[in-house]
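Novice: Got a predicted structure plus its sequence, pasted below:
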Amino acid sequence: MKTTTPAITLRASADRGHANHGWLDTHHSFSFSSYYDGAHMGFRSLRVINQDRIAAGAGFPTHPHRDMEIFSYVLEGALSHKDSMGNARELRPGQIQLMSAGSGVTHSEFNPSGVEPLHILQIWIEADERGLTPSYTEWHPTPEIEARSKVLVISPDGRENSARIHQDAFVYRLRLEPGERVTHELAANRGLWLQATTGEVRLNETSLQPGDGASAEEPRTYDIAAGDQPAEALLFDLA
């Protein structure tokens, strides 16, 4: 019997947009700010994946957003968040903040450390409705969740204690030991995006290094495995 290999498109880290502002060293998987690439405007409802390294004591001053679901995933260091809804929070590695900008919100994000750098993924997903009431939530792993290789962290209905998003989008955090593998079943009319953050990750036969992304849209079961080092990634399942 002949088997077919699903089409997987690699978005290599080295091909991303890049800017170094001194206090901010940032890579853009999709067109953002002064970086424009008509071939990489987003993937389905996923509009922004920025990998930001922010110097000690620096950050983004207060600025506005609207009609986007915005979340930050802390990889290293601490993230200080303040917004016009009255939230003032500090997040640590492995934690996620999710802000629904809706009809309009302002916020700031800073590295509160005077010594340590901050490393985050900042991600925007288009909301499924305009003019929503702004809201803010967080996802924190419990000790039980920390032991799991594949964890749902964001969903449209808050299932499995995930943070709720206003879009038909499911986001999973993957943490794999060397050689460990998990699977993901992609339904028809949906798309998968895998963003590698630590170690080598293989999506079927496609190898991803840190900073690489890969997309697929063929409905089937996908195999995701770590190489010979521990690996971490975010997996997006999008309508």
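Specialist: Received, thanks.
Novice: quick one: contacts of the lowest-mean-pLDDT helix or strand in the chain?
Specialist: Here the helix or strand of the chain ranked lowest by mean pLDDT, DSSP states H and E is helix 143-146, holding a mean of 85. For helix 143-146, contacts defined as Cβ atoms under 8 Å, 6 or more residues apart in numbering pick out 94, 151. The way it works is simple: take the backbone N, C-alpha and C, and place the C-beta from them, glycine included.
Novice: tell me what the first helix or strand past that helix going along the chain is packed against?
Specialist: Beyond helix 143-146 in the direction of the C-terminus, DSSP states H and E gives the next helix or strand as strand 150-155. Where contact means 3 or more Cβ pairs under 8 Å, 6 or more residues apart in numbering; DSSP states H and E, strand 150-155 is packed against strand 96-100, strand 163-164, strand 169-176.
Novice: The shortest one packs against which elements?
Specialist: What that stands for is strand 163-164. strand 96-100, strand 135-139, strand 150-155.
Novice: out of those strands, which comes closest to residue 235?
Specialist: Residue 235 lies closest to strand 150-155 among the helices and strands packed on strand 163-164, at 7.6 Å (Cβ to Cβ).
Novice: Residue 229 in helix, strand or coil?
Specialist: What DSSP: H, G, I helix; E, B strand; the rest coil gives for residue 229 is coil.
Novice: mind listing what the residue nearest to it when sequence neighbours are not counted touches?
Specialist: Leaving out its chain neighbours, the residue that sits closest to residue 229 by Cβ to Cβ, 6 or more residues apart in numbering is residue 199, at 4.4 Å. Each residue near residue 199 by Cβ under 8 Å, 6+ apart is listed here: 176, 210, 226, 227, 229, 230, 231, 232.
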